[in-house]
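# Quick one: sequence plus predicted model below, questions after.
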Amino acid sequence: MRIVIRGGTVLSSTGAVPADVVVDGERVAALVAPDALTGDWWGAADRVIDASGKYVLPGGIDAHTHMEMPFGGTRASDTFETGTRAAAWGGTTTIIDFAVQRRGSSLLSTLDEWHARADGNCAVDYGFHMIVSDVNDATVKEMDACLAAGVNSFKMFMAYPGAFYATDGEILRVMGRAAENGAMVMMHAENGIAIDELVARALAAGRTDPVQHGLTRPPELEAEAVHRAVTLARVTGAPLYIVHLSSSHALDEVTAARDTGQNVFAETCPQYLHLSLRDLARPGFEGAKFVCSPPLRPAEHQAPLWRGLRTNDLALVSTDHCPFCFSEQKELGRGDFTRIPNGLPGVEHRMDLIHQGVVAGELSLARWVEVTSTTPARMFGLYPRKGVIAPGSDADIVVYDPTARQTLSASTHHMNVDYSAYEGMEVTGRVETVLSRGRVVVDRGEYHGSPGHGRFLDRALCQYLN
Ligand code: URP
Ligand code: ZN
Ligand code: ZN
Ligand code: ZN
């Protein structure tokens, strides 16, 4: 199958050029100056996609999703099948999801389990990070075997005591191994011990509403954990990646560490750029729709986060997609906010929501592509196969209409969840056509993908460090 995407503006992390893109099979064959393609090419094309007036950009890479994730006695409502289909609809052609080690399980058996869930079911390509929740000699040794299996990033939690929580000593051990084998340590940085104390006080005082989730997890306790993680990383020499950074306080810690030259990176998520504590404080039980950790912050945190994206102290944007239905799952926490499953749906709307930063003048077009595709590819060892439209790259391509308007809503989204965190929000720009490894999977409102098209990605080490 040979496809020519004609007449568009091809975007990359360095700029925009008018060009035609030739796709041959699963790969990009060539970028050609407008009107330079000879008649032979047109004759050999099975399909010509008209992209005039549109952007042509590398498929999005969402480096932080939780399909089917077990949490608080339930499971995230998107499966690998439904979640990757929604990703494709939104112009994301690669996800990196998290395999979750349970206490008593090995890392490799965990990886087998997650392969069993994902393999054959994904609409787009996928990789895995590993969540380490049981640190012992065997686990630390097994990190090397994970690397050999294409999984070279390990998430740890300073939050959730009694569940995923790791002590500073355990973190130090995992970081020590990462410093030796080149793996990336990803950190959920919130001081879970202090938070649990604030939570206990709130419950004892009869404060049980969803907004309490936010009030008991103040930004200072995110910043403190970031600082501690940075310190442990410095002592061990491990690279550090702060996940889902939500507050200006935490960003200041990342910035300070980066200013010393330490290998510290961070991501933020669309919900921290567009939503706020006010959403968590919506009346009745409505706020439960917005419970995630770290929590949504007062709106004054948003401007510093956009600035961090510009200055690269925030390197990229992932969604932390972890949907739970409002009607049955968020409901578990009515009358006790601690039982509300943590997480927001978002995998479908990341490209659009960050494009709003371009519309508002917060980000350049090149930076939009960089934080949504090129940097995630480099950070997690997928470049230049992913993250760029260049000869030899996978033909993961989005044709994007920058002037179309759309209203985000649960009634039109494709994620398997009964609400939208962005219900009624009007956005400028819309995905028109999506190619995943040369196959048209979404085209002008129609879905042409299939489960099993997506392949597992055996990732290299972080390409900023290796
Ligand atoms: O609330 C969240 N973020 N749920 C997903 C699990 C995690 O901590 O990333
Ligand atoms: Zn987390
Ligand atoms: Zn997460
Ligand atoms: Zn449901």
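Alright, I've got the coordinates. Ligands and ions are numbered 1, 2, ... in the order given.

# What parts of the stretch 301-450 of the chain come near ligand 1?
Where proximity means C-beta under 6 Å from any ligand atom, the interface of the stretch 301-450 of the chain facing ligand 1 comprises 320, 322, 342-343. In this view, the C-beta of every residue, glycine as well, is placed from N, C-alpha and C.

# now do the stretch 1-150 of the chain
By C-beta under 6 Å from any ligand atom, the part of the stretch 1-150 of the chain that sits against ligand 1 consists of residue 66.

# Strands of the stretch 101-250 of the chain, start to end?
Residue ranges of the strands in the stretch 101-250 of the chain, as given by DSSP state E, counting those that start in this stretch, are 125-131, 153-157, 184-188, 240-242.

# want to throw those into TSV with mean neighbour count and mean pLDDT?
Shown next, in TSV, are the strands of the stretch 101-250 of the chain (neighbours: other C-beta atoms under 10 Å; pLDDT from 0 to 100):
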stretch	mean neighbour count	mean pLDDT
strand 125-131	24	99
strand 153-157	25	98
strand 184-188	26	98
strand 240-242	26	99
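
# of all of the stretch 151-300 of the chain, which residue lies closest to ligand 1?
Of the stretch 151-300 of the chain, the residue with the smallest distance to ligand 1, taken as C-beta to the nearest ligand atom, is residue 292 at 3.6 Å.

# Assign a three-state SS to that residue, would you?
The local conformation at residue 292, judged by DSSP: H, G, I helix; E, B strand; the rest coil, is coil.

# Now do it against residue 76, distance only.
Distance, residue 292 to residue 76, by C-beta to C-beta, to the nearest Å: 12 Å.

# and residue 135, what does it touch?
Contacts for residue 135 were tallied using C-beta atoms under 8 Å, 6 or more residues apart in numbering; they are 166, 170, 173-174.

# hmm, I was thinking of residue 179
Each residue near residue 179 by C-beta under 8 Å, 6+ apart is listed here: 236-238.

# Is it possible to mark the buried ones in those?
Among the contacts of residue 179, those scoring as buried are 236, 238 (criterion: 16 or more other C-beta atoms under 10 Å).

# Let me know the angle separating the longest helix anywhere in the chain from strand 184-188.
Ranked by residue count, the top helix of the chain under DSSP state H comes out as helix 219-236. Here helix 219-236 runs at 160 degrees with respect to strand 184-188, directions being taken by axes from the mean of the first three to the mean of the last three C-alpha atoms, to 10 degrees.

# what about helix 219-236, distance to the chain center?
For helix 219-236, the gap between its own C-alpha mean and the chain's C-alpha mean amounts to 21 Å (C-alpha atoms, centre = their mean, to the nearest Å).

# Tell me the residue of the stretch 301-450 of the chain that sits nearest ligand 1?
Nearest to ligand 1, among the residues of the stretch 301-450 of the chain, is residue 342, at 3.2 Å (C-beta to the nearest ligand atom).

# Would you mind giving the secondary structure of that residue?
Classification of residue 342 into helix, strand or coil gives coil, according to three-state DSSP.

# Would you list the phi and psi of the nearest residue to it once chain neighbours are set aside?
Distances taken as C-beta to C-beta, 6 or more residues apart in numbering place residue 293 nearest to residue 342, at 4.8 Å, with adjacent residues excluded. As for residue 293, its main-chain torsions (degrees, to the nearest 10) stand at phi -130, psi 130.

# thought residue 293 was touching residue 157?
No - using C-beta atoms under 8 Å, residue 293 is not in contact with residue 157, being 9.6 Å away.

# Once you drop chain neighbours, what's closest to residue 364?
Leaving aside its sequence neighbours, residue 364 sits nearest to residue 358 (C-beta to C-beta, 6+ apart; 7.2 Å).
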